[in-house]
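J.: turn this into a model:
(chains A and B)
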Amino acid sequence: DIQMTQSPSTLSASVGDRVTITCRASQTISSWLAWYQQKPGKAPKLLIHDAYNLGSGVPSRFSGSGSGTEFTLTISSLQPDDFATYYCQRYISYPITFGGGTKVDI
Amino acid sequence: MQLVESGGGLVQAGGSLRVSCAASGVVSGFTFSGLWMSWVRQAPGRGLEWVANINQDGTKRYYVDSVKGRFTISRDNAKNSLFLQMDSLRGEDTALYFCARGGTDSSWYWVDWGQGTLVTVSS
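T.: Numbering: from 1, shown residues only, chains lettered A, B, ... in the order given. Next up is the predicted model:
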């Protein structure tokens, strides 16, 4: 199975900061990668699919990049609503797998 | 599309439980019967884990290895409902179970999710 490794696992930041989260795949996955935001007690929200395509209604401060085995999620200017946990997820073959998550806190 | 899970609860290890997901609404002109569907779970305080996918007519089903032979995904298109039959439950199956809506060709990533239903397996 293809393993997904996120770093860091926790990130402390302030409003207005530029934040970058990294996701590495154990094998190449082309651009078959999605990013989600999850807040406590809530379902995940799709932010990015196909590595860099912004989900519907997602603010433009979120962006995704990368291909192959290394990917990044960038928040250009962290807003109060962005404090949450972020997950990467690979697809296009089974099993579908997620990274371990990155918690962004104050 | 709105998704509402139900059926979670407390069950003893080795027991069975069936959770359900009721779907309503239309996505790009497609109703429930025209879409792939998925189950994704999250153990308390842990990350997300994909569990199973099913295609529109139920002829294609895929599972994570840890549930193969124990869980069965199914659907009733006439009732706009998705199910997950869970047998031989283990403590590690304790999780919040989300249903999620796929697309017309596959269910690789998910825009619409339910709120989840909690399954607790006691040992």
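J.: tell me the contacts of residue A:25?
T.: Residue A:25 makes contact with A:2, A:3, A:4, A:5, A:33, A:68, A:69, A:70, A:71, A:90 under the criterion Cβ atoms under 8 Å, 6 or more residues apart in numbering or on different chains. For every residue, glycine as well, the C-beta is placed using N, CA and C.
J.: for it, give its distance to chain B.
T.: Here residue A:25 is placed at a distance of 15 Å from chain B (Cβ to the nearest Cβ, to the nearest Å).
J.: and the strands in the chain?
T.: Since you didn't name a chain, this refers to chain A. Residue ranges of the strands in chain A, as given by DSSP state E, are A:4-7, A:10-12, A:19-25, A:33-38, A:45-49, A:53-54, A:62-67, A:70-75, A:85-90, A:97-98, A:102-105.
J.: switch to chain B, please.
T.: When assigned using DSSP E, the strands of chain B occupy the ranges B:2-6, B:9-12, B:17-24, B:37-42, B:48-54, B:61-63, B:71-76, B:81-86, B:95-101, B:117-122.
J.: right, and those - which one's nearest residue A:82?
T.: The closest approach between residue A:82 and any of the strands of chain B, judged by Cβ to Cβ, belongs to strand B:48-54 at 18.6 Å.
J.: ok, now which ones touch the most centrally placed residue in chain B?
T.: The C-alpha lying nearest the average C-alpha coordinate of chain B belongs to residue B:39 (Cα atoms, centre = their mean; 2.9 Å). For residue B:39, the residues meeting the contact criterion (Cβ under 8 Å, 6+ apart) are B:21, B:50, B:51, B:52, B:73, B:82, B:84, B:97, B:98, B:99, B:100.
J.: which of those residues sits closest to chain A?
T.: Proximity of these to chain A was ranked by Cβ to the nearest Cβ; the top entry is residue B:50 with 4.0 Å.
J.: give me the beta-bridge partners of that closest one?
T.: Residues in a beta bridge with residue B:50, per DSSP bridges, are residue B:40.
J.: mind putting the strands of chain B in a markdown table, mean pLDDT included?
T.: What follows is these, written out as a markdown table (pLDDT from 0 to 100):
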| stretch | mean pLDDT |
| --- | --- |
| strand B:2-6 | 98 |
| strand B:9-12 | 98 |
| strand B:17-24 | 98 |
| strand B:37-42 | 98 |
| strand B:48-54 | 98 |
| strand B:61-63 | 98 |
| strand B:71-76 | 98 |
| strand B:81-86 | 98 |
| strand B:95-101 | 98 |
| strand B:117-122 | 98 |
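J.: possible to save those as TSV with distance to residue B:30?
T.: What follows is those, written out as TSV (distance: least, Cβ to Cβ, whole Å):
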stretch	distance to residue B:30
strand B:2-6	14
strand B:9-12	32
strand B:17-24	11
strand B:37-42	12
strand B:48-54	15
strand B:61-63	20
strand B:71-76	14
strand B:81-86	15
strand B:95-101	10
strand B:117-122	24
